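Peer 1: My questions are about this predicted structure, shown below with the sequence.
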Amino acid sequence: MLRVVIYGRVSTTVQDYERQVNELTALAEGKDWSVVRVFTEKASGAKSNKERRGLSDMLEYIDQNDVSKVLVTELSRLGRDTLQVLQAVQALNEKGVSLYIQNYGIETLNPDGSANAMGQFMITLLAEVAKMERRLIRERMASGYRQHIQNGGIVGRKAGFRKSDEQMRTQYVEVIRLLKKGYSFVNIHKITGTSINTIKKCRQYIC
């Protein structure tokens, strides 16, 4: 039975990584993998790998124990910066440990321990695409805000005002799209600038 460890990360203290751990535990059970340790931490994905205690503890554990795979729910759990992600992947590769990314069902090593070229390529590509997507969304949001002001729009709303469902779907189309893709509230807030409360309200429009 393959021995695996789970790595879960959230960005802020108000988030919980329980969902990540539960999903990965269920994944391991379904594949008949043995979960030998779970590593979790609350740390910004923008922090360097050396600043993230949970990641460092996991790598140290792998050095001293027999581990075949590291399981994460999505690539962004390793970090938001492409270089940081690739450094973490390289550290695991050098230890002969494969990184399994649940939401894409890909991993970095083949069963014989050799590098999975397609997996490595996909990880690099996904990290860059995610970085580009965050930048484009911020630019679109900023452009829309400027256009709104130029057209005489007013920032904020009157007390007691409530947007219609159609207005919510139109104004927060990016938020709803990111929710459908499984992004966390905090990541969506960082990408779009939308408040956490509004993002929570947008959950009802996921279908």
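Peer 2: Looks like it came in fine.
Peer 1: Mind picking out the helix or strand in the protein with the poorest mean pLDDT?
Peer 2: helix 117-150 (a mean of 70; mean pLDDT, DSSP states H and E).
Peer 1: Please name every helix or strand in contact with the helix or strand just after that one.
Peer 2: Counting by DSSP states H and E, the next helix or strand C-terminal to helix 117-150 is helix 165-171. Helices and strands in packing contact with helix 165-171 are not found; criterion 3 or more CB pairs under 8 Å, 6 or more residues apart in numbering; DSSP states H and E. In short, each C-beta sits where N, CA and C put it, glycine included.
Peer 1: Low-confidence bits of this structure, can you list those?
Peer 2: 12-16, 44-49, 80-81, 126-127, 129-135, 138, 144-146, 148-149, 152-162, 207 (pLDDT under 70).
Peer 1: Next, name the residue at the spatial heart of it.
Peer 2: The residue lying closest to the centre of the chain (CA atoms, centre = their mean) is residue 76, at 3.3 Å.
Peer 1: Hmm, residue 187 and that one touching each other?
Peer 2: Yes - Residue 76 lies in contact with residue 187 (CB atoms under 8 Å); the separation is 7.0 Å.
Peer 1: need the helices for the protein, in chain order.
Peer 2: With DSSP state H as the definition, the chain shows helices at residue ranges 18-30, 53-64, 82-94, 117-150, 165-171, 173-180, 185-192, 196-202.
Peer 1: how much does the third one deviate in direction from helix 53-64?
Peer 2: It stands for helix 82-94. Here helix 82-94 points in a direction 20 degrees away from that of helix 53-64 (axes from the mean of the first three to the mean of the last three CA atoms, to 10 degrees).
Peer 1: ok now helix 82-94, how far from the chain's centre?
Peer 2: Averaged C-alpha coordinates place helix 82-94 at 16 Å from its chain's average position (CA atoms, centre = their mean, to the nearest Å).
Peer 1: Just list what it packs against, helices and strands only.
Peer 2: By 3+ CB pairs under 8 Å, 6+ apart, helix 82-94 packs against helix 53-64, strand 98-101, helix 117-150.
Peer 1: try it again with 7 Å
Peer 2: If you count contacts as 3 or more CB pairs under 7 Å, 6 or more residues apart in numbering; DSSP states H and E, helix 82-94 packs onto helix 117-150.
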